[in-house]
Each structure stands twice: as structure tokens, then as C-alpha cells.
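S.K.: next one to model:
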Amino acid sequence: MRYYFQKAAILIGVWGALLTLHAPFLRLPYYWDEAGYYIPAALDFFRRGLLIPTSTLPSGHTPLVMIYLALAWQVFGFSPLVTRAAMLMLAAATLLATASLADVVFGERPTARAAVCVSAALLALAPIYFAQSSSVFLDLPVALFTALALVALLRERWAMFGAMASCAVLSKETAIILAPVAYLFLVVDAKRTQRSIPPSAWFWLTSPCLVLAAWASYYHHRTGFWTGNATYLQYNLYSTLDPVRILLCFARRLHEVFIAGFNWIVAAAALAAAWWTRKAMRLQKPTLIERRFRLLTALLTAAYLLLLSAVGGAVLPRYTLPLYPPLIVLALSYIWRLPQRAAYACCLAAAVCFVGSWFLNPPYPFPFEDNLAYADFIRLHQQGAQFLASLPEQDSLEHNSSPRILTAWPATNELETPDLGYVTQPLNVVPVEGFSAQDFESVQPGSFDVLYSYSRKWEPPNNWLVRFPWLERLESRYFDYSPQMPEDKLQARFHLRRLARWERRGQWVAIYQAEPSP
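M.R.: So this is what the prediction gives:
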């Protein structure tokens, strides 16, 4: 009992530390897919007990995270503060799960305790983890249950593996990749070690498949689809099965996991340590648990990267978050073989660069949710929404009590749904697909009163896609990249007069009034 009290105290302490670090962001309204799917889906369960949302287009995602949020709202009330504090509790648990995984791998080494703490600290400071910690997305909860499932598998606690893998699948259906990875791991491991696997193990390894089959059957009964919907399947599956796109996507996934966000420092340090200590490692063979962990991590990484290269219309780095705990522990298992000062220096350099990457944006388009750029996006949209809500009180629109606001998703949701925290009353929104020249071709002058434009993509002045046109062509053909229509061309085409503009660290929001044609 004392052991569990200690673990609970550590969890609360880590949670408190994360709450302190995220204090400036805890009351921010909801961002992008939070506003578009996850919050409406959780509210549907909270208010009406619906496992499959009706206030937003159902995507087939398994419902555990939405249920968890609804329970938090039931106890503490619905607000961004409660939502983000609840997600930070899962983030804190993920750090402890990573520490548990490191504890299994490092075992009885003299400096094992320090390695365990450094593993969790590096994950905590990784920019994508930090940005995602308080966000309502599914990938960090999957990382939590994946890490716990790996701990259970390495310790041969089959029932625990089944429970944790099933929770991962109930958090996001793509976590089903754990089942075939575990099967393959046990088969290869049994051959290498000449050990037999108890029959009960195979049942528990199958249990996540049974859980997903039950959910898919229920979803099919209610919607007619086994997952998603017609549009969702076209975007995330049918349109992605192109060999060239899969190859390009695989290259992007390798970049996201091993290079982006200063991950290359950890990867390079691990490779350098493996090479530097290769002679010593011939004399001091890795332990059995280390060899098993390396095999398991290699199988999981390969399976995830291949899966995420073949499916998913949006190539978002957060989808790779379940790989971060085992990969950080794996890298540290090599770095920790260096002399103590060198090992700490590598980890300190990575930590400093990770923190810097919270604020530094890359010289190419990237999702704002990969670092604190998401907070700039939200704050700019708060300013824009507040200004738009006050427009009927201004004389600039000739007393139009309900101006028609032309804008693109996710701003459409932000202005139409008060639950998301941007407006108190729904505004009159005219949707447009995006802000590229092609998107505006179907928009007729006179169909709107106000244009609400914003930086929907990160377009830095030294954009690599502009410097290397062949990259832009690949992005355009295989990943639907298109630059936003320049401001001067927009103003000329629709006879716009700028009413307001705000900027934050390279992002911007601009509001224009449409004037009658001369």
C-alpha cells in the first residue's frame, strides 16, 4: 500500500509541475481539431451520453478520451481550465510510464535512477510533447498506454499488457498496431531465447483486437461504416495509397521522429555513443532485457512508421507521439554508456535545445501544434473573434446587424460555436475551403460583408519550399500544399478595405470589409 501512495504522490507532484509550466496556456480556448472534433464529440457524450457524436461529423475514433473528459467536466464543470488540467494529468502519467519503462531497461545499473529521471525529463521537454500535453488530442493518451503495455510485455505480465493495449486502442484505433507487434516480438524472442510462451499469453495479446472489433461492430450498426465516413475514408485511406506518396510520407515520418524539433541531437548522440563504445560492448554484452527491449522498440517503430506512411491524409507529427517514450529510453541506453560527464553533457544540450524549440519555428511549413505556435494562433483568433463580435456596434458596416463573415475552418467553428471559448453568441459565417487562389475562385463579390483571413499555414520569409521549387511541386502534388492568396490580390479582386490586423511571431490575422464595386 505504501508503494502505491508513493506513486500517487509522485504523480500529483509531476502534475503540479506541469500545471505550473502550462499556467499561461490553461485558459486558452480550443485549437484546430480540438474545436473541430474532439471537444464537440466529448460534449455530445457529456450532455447526451452519445458515444458517436452528432454535433460534428463522426470519424470513427474510439471514445475513451472523450469519456474521460466528460467525467472531468461532470465533477469540475465544463471549461478550458478543467479540460487542460485533465489532459495534463494524462501527460504526467505518461512521464511516469516512461520512467517505468526506463526502470525496466536500466535495471540494476549503478546510475539507473539518474537514467530513469533523465528519460522522463527529456520527454517532458520535447517540444511536441510539451505542446500536446494540455491539448485535447488522442496521441498522448495512446503514448501513455503504449508505454505501460511495453512495460507489461517486457515483464511478461500478459493480462496487464492486454488491459493497457486495449486502453490504447480505446483511445485511438490505430494503436491496434500493438497486437501484431507483440505477436511478432514473442515469436522472435521465443526463438532467440529458446523459451516457451504460455497459452494464456496469446489470448491477452489478442484482446485488443476483440475490443476494436466490438467497437467497429457498434459503430457500423449505428452509422453503416466500420470506421469514419465516406469523406473521412476518401481523405485518410483511398487517396493515400499511392506508392510515391507512401515513400515521401515515410521520409517525412523519419524526419519528424529523428530530426525535427532538435530530435537529431538525441539521435546523433545515441549513434555516436554506440560507435564510441562498440569495443566495450563486445566485452560487456547487453543484458537480456536490453536485447528484448531493442527488438520490441525496433518492431514498434517500424510498424508505426509504415502504418502512418500508408494511411492518414494529414501528415501530422503528433501521430508519432506513442514512439517517443521507447525511443528516448532506447537512445539513453546508448548515451548512458559514455563517460558520465559526456552523457550528462549530451542530455543537457538536448534539453536546452528542446526548450528553445518551444519558441523557434522551422524554415518550412509545419503544424502550429508542434510547439507553442499553437498558443499564438489561439490568441490571435481571440482578438479576431472579439473584434468581429463587436462589428454590429460600429458604423463601418452601415449598421448591418449581422454581417456575413467569410472565413475558413477552423475559424468557422470558432465563430459559430460559443462552447469553444471565442464568442458568446454565434456569428453569421460564410465558409470557404481555404485561402488559396483556387479556394477563392468559387467566391463571388457581394456574397459576404467581411473577410476574416489569417495565417492558416506557417509561411516563413525564408520558406524552403520557395527556395527549392521541386519541394513545392512534391508538396503540392502529394500533400495538397498551396500558398495563401496574397493580400494585394485579395483586396483588388473583392474591393476590400482593411479594418484590423494583428501579428504574433510570424502569424497574423486580418479583417477586411467588402466595399461595393466602383
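S.K.: identify each buried residue in stretch 489-508, please.
M.R.: 490, 494, 496, 499, 502, 504, 507-508 (16 or more other C-beta atoms under 10 Å). For the C-beta atoms, the positions are set from N, CA and C on the backbone; glycine is no exception.
S.K.: quick one, phi psi at residue 289?
M.R.: Main-chain dihedrals, residue 289, degrees, to the nearest 10: phi -70, psi -40.
S.K.: show me what contacts the residue positioned nearest the centre of the chain?
M.R.: Most central in the chain under C-alpha atoms, centre = their mean is residue 318, positioned 2.9 Å from the mean C-alpha point. Residue 318 makes contact with 128, 132, 137, 139-140, 367, 369-370, according to C-beta atoms under 8 Å, 6 or more residues apart in numbering.
S.K.: make TSV out of the residues you listed and add secondary structure.
M.R.: TSV is the format used below for the contacts of residue 318 (DSSP: H, G, I helix; E, B strand; the rest coil):
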residue	secondary structure
128	helix
132	helix
137	coil
139	helix
140	helix
367	coil
369	helix
370	helix
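S.K.: check the residues you listed and tell me the two furthest apart.
M.R.: 140 and 367 (14.8 Å; C-beta to C-beta).
S.K.: give me the more crowded residue out of those two.
M.R.: When residue 140 and residue 367 are compared for neighbours, residue 140 comes out ahead with 26 against 19, by other C-beta atoms under 10 Å.
S.K.: my read: that one touches residue 129, true?
M.R.: Yes: in this structure, residue 140 is within contact of residue 129 by C-beta atoms under 8 Å, at 7.3 Å.
S.K.: now for these two: what residues contact both?
M.R.: 91, 94, 321.
S.K.: residues near the second one, how many?
M.R.: Put plainly, it is residue 94. 30.
S.K.: likewise for the last one?
M.R.: When neighbours are counted by other C-beta under 10 Å, residue 321 registers 25.
S.K.: just the first one next, same as before
M.R.: Each residue near residue 91 was counted by other C-beta under 10 Å, and the total is 25.
S.K.: setting aside sequence neighbours, what's the nearest residue to it?
M.R.: residue 133 (3.8 Å; C-beta to C-beta, 6 or more residues apart in numbering).
S.K.: okay but that neighbour is in contact with residue 87, surely?
M.R.: Yes: contact status for residue 133 versus residue 87: in contact at 6.8 Å, counting by C-beta under 8 Å.
S.K.: and those two? which has more neighbours close in?
M.R.: residue 87 (25 against 21).
S.K.: now the nearest residue to the more buried one once chain neighbours are set aside: which helix or strand?
M.R.: In this structure, residue 87 finds its nearest non-sequential neighbour in residue 134, 5.2 Å apart by C-beta to C-beta, 6+ apart. Assigned by DSSP states H and E, residue 134 falls within no helix or strand.
S.K.: which residues sit in contact with residue 134?
M.R.: So residue 134 contacts 18, 22, 25-26, 84-85, 87-88, 91 (C-beta under 8 Å, 6+ apart).
S.K.: ok, the residues you listed vs residue 65, which is closest?
M.R.: Closest to residue 65, out of all of the contacts of residue 134 and judged by C-beta to C-beta, is residue 87, at 8.6 Å.
S.K.: so which bits of the helix or strand hosting that closest one are buried?
M.R.: Secondary-structure element containing residue 87, defined by DSSP H and E: helix 80-106. By 16+ other C-beta under 10 Å, the buried positions in helix 80-106 come out as 80, 82-106.
S.K.: for stretch 57-77, same thing?
M.R.: 58-66, 68-70, 72-73.
S.K.: do stretch 173-192 as well
M.R.: Here stretch 173-192 shows 173-179, 181-182, 184-186, 189 as buried, counting by 16+ other C-beta under 10 Å.
S.K.: ok, and what's touching it?
M.R.: In contact with stretch 173-192 (C-beta under 8 Å, 6+ apart) are residues 60-62, 142, 145-146, 149, 153, 161, 165, 168-169, 195-197, 201, 205-206, 208-209, 212, 215, 227, 291-292, 295-296, 299-300, 303-304, 307-308, 311, 319, 322.
S.K.: and these, which of them are in helices?
M.R.: Of the contacts of stretch 173-192, the ones assigned to helices by DSSP state H are 142, 145-146, 149, 153, 161, 165, 168-169, 201, 205-206, 208-209, 212, 215, 291-292, 295-296, 299-300, 303-304, 307-308.
S.K.: please pick the buried ones from those residues.
M.R.: For the ones in helices among the contacts of stretch 173-192, buried by 16+ other C-beta under 10 Å: 142, 145-146, 149, 153, 161, 165, 168-169, 201, 205, 208-209, 212, 215, 292, 296, 299-300, 303-304, 308.
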